[in-house]
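Chemist: how would this look folded up:
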Amino acid sequence: MVTILGFAAAFGTTAAWFPQVWKTWRSRSAEDFAWSYLALFSAGVALWLVYGIFRKDAAVIAANAVTLLLVISVSFVKVREK
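Modeler: From the prediction side, this is the model:
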């Protein structure tokens, strides 16, 4: 039951990024994202990913790996803007 709860929480927090990523890619603009936010958030997510790997927690690993990829994709749009 705890694992199901973890995956449900992971799905909710990770899925919340999909609409923003879709909007960013569709508009080809990440102007509303500050570089400091993207860097700090990415670092935090990366640390959670490492934590999940050390704990061997599939929900933490999956959620943070996908979230990190989504945030990196927003960063790529921001780089292309310049």
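
Chemist: Find the residue at the geometric middle of this protein.
Modeler: For the chain, T67 is the residue whose C-alpha lies nearest the centre (Cα atoms, centre = their mean; 2.1 Å).

Chemist: thought that residue was touching A16?
Modeler: No - T67 is beyond contact range of A16, at 9.1 Å (criterion: Cβ atoms under 8 Å). C-beta here means a position set from N, CA and C on the backbone, and glycine is covered the same way.

Chemist: if we can go back for a sec, gap between the residue nearest to the centre of the chain and M1?
Modeler: 24 Å (Cβ to Cβ, to the nearest Å).

Chemist: Using neighbour counts, pick out the buried residues of the lowest-mean-pLDDT helix or strand in the chain.
Modeler: Within the chain, no helix or strand scores below helix 2-15, which has a mean of 92 by mean pLDDT, DSSP states H and E. Neighbour counts over helix 2-15 (16 or more other Cβ atoms under 10 Å) mark 6, 10, 14 as buried.

Chemist: just stretch 31-42 next, same as before
Modeler: Judged by neighbour count (16+ other Cβ under 10 Å), stretch 31-42 contains these buried residues: 33, 38, 41-42.

Chemist: With distance to R28 added, can I get the buried residues of helix 2-15 in JSON lines?
Modeler: Output for these, formatted as JSON lines (distance: Cβ to Cβ, whole Å):
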{"residue": "G6", "distance to R28": "35"}
{"residue": "A10", "distance to R28": "29"}
{"residue": "T14", "distance to R28": "23"}
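
Chemist: which residues of this protein score low on pLDDT?
Modeler: Applying pLDDT under 70 to the chain flags residues 82.

Chemist: which residues touch the longest helix along it?
Modeler: Selection of the longest helix in the chain by residue count, based on DSSP state H, yields helix 58-81. Outside helix 58-81, the residues that touch it by Cβ atoms under 8 Å, 6 or more residues apart in numbering are 3, 6-7, 9-11, 13-14, 17-18, 20-21, 24-25, 28-31, 33, 35, 38, 41-42, 45-46, 48-49, 51-53.
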